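# Quick check, what structure comes out for this input:
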Amino acid sequence: MSSSDVVDNPSELRYELHVDGELAGLIRYRRKPDALALVHTEIVPRFEGRGLGRTLVARALDDIRARGLHVIPICPFVREFIDHHPEYDELVTTE
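Predicted coordinates:
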């Protein structure tokens, strides 16, 4: 069983997903006054097909919620994830 961790890397403007210490995916974002615009999600090809994209998005959204911020879901993958997980609806803003 592998271990995964999602961390915010503000100097690179991205959330990073690490699996067993290796970068497996990321979400690029732009900072707004009270929100993060999630622009692009990608999973390293050799890690695809494991559901890690969903894990990455959920943990990033949980972190954004814990920080009292909102999200602007520009990335289609993030938008689709939120559409299927209404518990994150209150985080969405267009500002």
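# show me what contacts Val6?
Tyr15, Glu16, Leu17, His18, Thr55, Leu56, Arg59, Ala60, Asp63 (Cβ atoms under 8 Å, 6 or more residues apart in numbering). Every C-beta, even on glycine, is put in place using the N, C-alpha and C of the backbone.
# got those as TSV, with distance to Gly49, pLDDT and neighbour count columns?
Formatted as TSV, the contacts of Val6 follow (distance: Cβ to Cβ, whole Å; pLDDT from 0 to 100; neighbours: other Cβ atoms under 10 Å):
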residue	distance to Gly49	pLDDT	neighbour count
Tyr15	20	98	25
Glu16	19	98	17
Leu17	14	97	27
His18	18	97	15
Thr55	13	96	17
Leu56	14	98	25
Arg59	19	97	18
Ala60	20	98	26
Asp63	24	97	15
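# any chance of those in TSV, plus secondary structure?
Shown next, in TSV, are these (DSSP: H, G, I helix; E, B strand; the rest coil):
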residue	secondary structure
Tyr15	strand
Glu16	strand
Leu17	strand
His18	strand
Thr55	helix
Leu56	helix
Arg59	helix
Ala60	helix
Asp63	helix
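# I'd like to know which of the residues you listed is nearest to Ile27.
Taking Cβ to Cβ as the measure, Ile27 lies nearest Tyr15 of the contacts of Val6, at 4.4 Å.
# Good, wrapping up.
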